[in-house]
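Undergrad: A predicted structure for the sequence below; I have some questions about it.
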Amino acid sequence: MRKFFYLGAALLLFVVTQDAYSQMNRKSIKKNNRRISHFRGKKFGFGKEKVYSAFGVSLNALNYYGDLAPRPNKISTDITFTRPALGFSFSHRFGPRYSLMASFMYGTLRGSDHESADKGDAENGIFRYQRNLEFRNRIKELSLVAVFDLFQNQATYISRVRWTPYGFLGIAVFHHNPQALAPETDLNGAPLAGGGKWVNLRPLGTEGQYSTLLETDANYGIKPYKLVQLAIPFGLGVRFRINEVMDFSADLAFRYLFTDYIDDVSQNYVDLGVLKSDMARAMSYRTSDVVDPSQLAPTLARNGVTYNLASGYGQEFPENVRGNKNDRDVYMVTTFRLSYILGKTFHRAKFR
């Protein structure tokens, strides 16, 4: 009898244990089902886990393409006039490949006929060398660009790709103010007030912007250019992950401009007599400083004053051009940027 008692007790214990285990397992399954039903993460697409912001500091290099470039073509520039610029940026990622970046940049553009033109080049260099114009322009630019990454981020910012090429396109607004170094004397050799200093060129109207021109004049109807302008920035670059929260990027971009007066040069010479001041005349016509005096001839201007001028420069005539108004100026920006991710804004999966 005792054997049957022990056997029955063991059988009863086994049944009770199995029933308790089954009940616990059912509770665990229900709990896990509830957790799965509340899962908020997204593995693919534009999940919030791929969204983050970053602040960047950049060192840039500016190059100018325009009427005072060494040669009359769109890809001509003088790399010796490359000037540094500083920039700050804020970017926000909206998905695995797409970001918006707002930037501010401050830098200087430079150009000079005397230093860049090849006076031994009879076809292109002689005219530019004898024209002898120069400028500097301090650029203050705000831009907003859309950035497209070639390789997408698979998950959170911590697991972003090690490197990726990217392209960008956007819009910019910038303030500019072309200047030039004034000569010590006016066109007739008298001391020039403000000589030897950098002067703003726009108020002078060097191409007759503030003058009364005849309807037959080549620049008739010319108006002062605006110092605040729009531009279209576009370019390509590559970005590298340094660590969990820092990236390094390098890109090359161009600014397509809607002005041809970054350098204060665009159209024809005007009769020097219509300009409003000796400073305006001295900054509009600079050829006498670089040519042999034997090439100069007395020329009576409309204000009744005679100036010694070189043929083709400083005189009203349809073929006496200062620049090419059909080609707008461009500037190039080479950027090296260090970016810091401001903090995680992705949502981790949560279980309730």
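TA: Structure's in. What do you need?
Undergrad: any idea how far Asp197 is from Asn219?
TA: That one is not Asp; residue 197 is Lys. From Lys197 across to Asn219, the span is 27 Å (Cβ to Cβ, to the nearest Å). For glycine as for every other residue, the C-beta is placed from the backbone atoms N, C-alpha and C.
Undergrad: who's more crowded, these two?
TA: Set side by side, Lys197 and Asn219 give different neighbour counts by other Cβ atoms under 10 Å, the larger being at Asn219 (19 against 10).
Undergrad: my guess is that one meets Gln267, correct?
TA: Yes. With contacts counted by Cβ atoms under 8 Å, Asn219 reaches Gln267, the gap being 5.1 Å.
Undergrad: any idea how far Arg239 is from Val51?
TA: Taking Cβ to Cβ as the measure, Val51 and Arg239 are separated by 17 Å.
Undergrad: I meant Lys140, not that one.
TA: With distances taken as Cβ to Cβ, Lys140 is found 26 Å from Arg239.
Undergrad: which of the two has more neighbours?
TA: The residue with the greater number of neighbours, taking Lys140 and Arg239 and applying other Cβ under 10 Å, is Arg239; the counts read 21 against 15.
Undergrad: for that one, what are its contacts?
TA: Counting by Cβ atoms under 8 Å, 6 or more residues apart in numbering, Arg239 makes contact with 149, 163-164, 166, 247-249.
Undergrad: widest-spaced pair of those?
TA: Of all pairs drawn from those, the greatest distance, 14.8 Å, lies between Asp149 and Phe248 (Cβ to Cβ).
Undergrad: which one of these two has more residues nearby?
TA: In this view Asp149 and Phe248 are compared by other Cβ under 10 Å, and Asp149 has more residues nearby, 19 against 15.
Undergrad: Leu300 and Pro318, how far apart?
TA: Using Cβ to Cβ, one obtains 19 Å as the distance from Leu300 to Pro318.
Undergrad: make that Met246, sorry
TA: Applying Cβ to Cβ, one obtains 58 Å for the distance of Met246 from Pro318.
Undergrad: next: Ser89.
TA: 47 Å.
Undergrad: chain center to stretch 293-313, what's the gap?
TA: Relative to the chain's own centre, stretch 293-313 is displaced by 42 Å; criterion: Cα atoms, centre = their mean, to the nearest Å.
Undergrad: quick check: next helix or strand after the lowest-mean-pLDDT helix or strand in the chain?
TA: Least confident helix or strand of the chain, by mean pLDDT, DSSP states H and E, is helix 2-37 with a mean of 46. Scanning forward in sequence from helix 2-37 by DSSP states H and E, the next helix or strand is strand 52-65.
Undergrad: quick one: low-confidence parts of the stretch 1-150 of the chain?
TA: Low-confidence segments of the stretch 1-150 of the chain, defined by pLDDT under 70, are located at 1-50.
Undergrad: and stretch 322-336, what's buried?
TA: Along stretch 322-336, these residues count as buried under the neighbour rule (16 or more other Cβ atoms under 10 Å): 322-323, 325, 327-335.
Undergrad: I misspoke; the intended subject was stretch 203-212.
TA: Of the residues in stretch 203-212, those buried under the neighbour-count criterion (16+ other Cβ under 10 Å) are 204-211.
Undergrad: tell me which of those residues fall in helices.
TA: Filtering those for membership in helices, criterion DSSP state H, returns an empty set.
Undergrad: what angle separates the strand or helix carrying Leu142 from strand 52-65?
TA: Here Leu142, judged by DSSP H and E, is contained in strand 134-149. Orientation of strand 134-149 against strand 52-65 (axes from the mean of the first three to the mean of the last three Cα atoms, to 10 degrees) gives an angle of 140 degrees.
Undergrad: so how far is strand 134-149 off the chain centroid?
TA: For strand 134-149, the separation from the chain centroid amounts to 3 Å (computed by Cα atoms, centre = their mean).
Undergrad: i'd like the first residue to be 625 from this point on
TA: Okay, residue one is now 625; in that scheme the one you just asked about reads as strand 758-773.
Undergrad: same for it, what does it pack against?
TA: Packing partners of strand 758-773 (3 or more Cβ pairs under 8 Å, 6 or more residues apart in numbering; DSSP states H and E): strand 722-736, helix 737-740, strand 787-799, strand 803-805, strand 852-865.
Undergrad: what about 7 Å?
TA: In terms of contact count using 3 or more Cβ pairs under 7 Å, 6 or more residues apart in numbering; DSSP states H and E, strand 758-773 is assigned the packing partners strand 722-736, strand 787-799, strand 803-805.
Undergrad: contacts only, for the closest residue in space to Val945 that isn't next to it in sequence.
TA: Nearest in space to Val945, with sequence neighbours left out and distances taken as Cβ to Cβ, 6 or more residues apart in numbering, is Asn892 at 5.3 Å. With contacts defined as Cβ atoms under 7 Å, 6 or more residues apart in numbering, the neighbours of Asn892 are 842-843, 944-946.
Undergrad: now do the strands in the stretch 875-976 of the chain.
TA: Taking DSSP state E, counting those that start in this stretch as the criterion, the stretch 875-976 of the chain carries its strands at 920-924, 930-934, 954-968.
Undergrad: C-alpha coordinates for the last one, PDB please?
TA: Read that as strand 954-968. The C-alpha coordinates for strand 954-968 follow below in PDB (Å, rounded to 0.1, in the frame of the first residue of the first chain):
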ATOM      1  CA  VAL A 954      30.900  83.200 -60.100                       C
ATOM      2  CA  TYR A 955      32.800  82.300 -56.900                       C
ATOM      3  CA  MET A 956      34.000  78.900 -55.700                       C
ATOM      4  CA  VAL A 957      34.000  77.800 -52.100                       C
ATOM      5  CA  THR A 958      36.100  74.900 -50.900                       C
ATOM      6  CA  THR A 959      35.000  73.800 -47.400                       C
ATOM      7  CA  PHE A 960      36.500  71.600 -44.700                       C
ATOM      8  CA  ARG A 961      33.900  71.200 -41.900                       C
ATOM      9  CA  LEU A 962      34.000  69.500 -38.500                       C
ATOM     10  CA  SER A 963      30.500  68.700 -37.200                       C
ATOM     11  CA  TYR A 964      29.300  67.700 -33.800                       C
ATOM     12  CA  ILE A 965      26.000  65.800 -33.300                       C
ATOM     13  CA  LEU A 966      24.000  67.700 -30.800                       C
ATOM     14  CA  GLY A 967      22.300  64.700 -29.100                       C
ATOM     15  CA  LYS A 968      20.100  61.800 -29.900                       C
END
